[in-house]
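> here's my sequence, what's the structure:
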Amino acid sequence: MVDFDALLFRPIQSTFGTPVSYLSPDGMVSLPALRGVMLRAAIPLDGDAENTGGITQSRDVLRFRSSIFPPGVEPEQGALVVVNGERSIITDVMSDPRGYYDCPLAIAAG
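Sure thing, here's the model as predicted:
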C-alpha cells in the first residue's frame, strides 16, 4: 500500500506550509509549532447551497494534515489559530479521506 502521507502530503506541507499556532477552544490543547497551507476557497453562504441560489463567499481556509496532530487530538470549531501574526478562529472543520482537515477561518475579535 502506498503511504501518501510520507510520499506526498508531508513534503508539500514542509515546502509550502506556513507556521501555525493552535489553541483549542477550552484552552487545554496548545500546539505552537504546526504547519498548515492557506487556501482561498468558495464557501456557500448557507450549508445548503440551493437555499442561497448557489451564492458563495471567498474565505481563507487553513489546511492541515491529520497526521500532524497528536493522537486523540483533532482541530476544533472555535479554536484560535495564529498565522503570519494574524489571529483567526476556526469556523468549521471538514475532513477528507486523503488525510486533510480543511478549516475555514474568521478574523478573531479583540
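
> would you mark the buried spots in whichever helix in the chain runs longest?
The longest helix of the chain (DSSP state H) is helix 10-16. For helix 10-16, the neighbour count (16 or more other CB atoms under 10 Å) marks 10, 13 as buried. Using the backbone N, CA and C atoms, a C-beta is placed for each residue, glycine as well.

> pLDDT on that helix, on average?
The average pLDDT within helix 10-16 is 79.

> which strands and helices sit next to that helix?
Contacts defined by 3 or more CB pairs under 8 Å, 6 or more residues apart in numbering; DSSP states H and E place helix 10-16 against strand 30-44.

> got a list of contacts for the strand it packs on?
Strand 30-44 has contacts (CB atoms under 8 Å, 6 or more residues apart in numbering) with 12-14, 16-24, 52, 54-64, 68-70, 73, 81, 83, 102, 104.

> tell me the helix or strand right after it.
Per DSSP states H and E, the first helix or strand lying C-terminal to strand 30-44 is strand 56-65.

> could you dump the helix or strand that that following strand is followed by to PDB, C-alpha only?
Reading on from strand 56-65 to the C-terminus, the next helix or strand found by DSSP H and E is strand 80-83. Extracted in PDB, the C-alpha atoms of strand 80-83 (Å, rounded to 0.1, in the frame of the first residue of the first chain):
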ATOM      1  CA  LEU A  80      -7.800  30.100  17.900                       C
ATOM      2  CA  VAL A  81      -5.000  30.000  15.300                       C
ATOM      3  CA  VAL A  82      -2.300  32.500  14.600                       C
ATOM      4  CA  VAL A  83      -1.000  32.500  11.000                       C
END
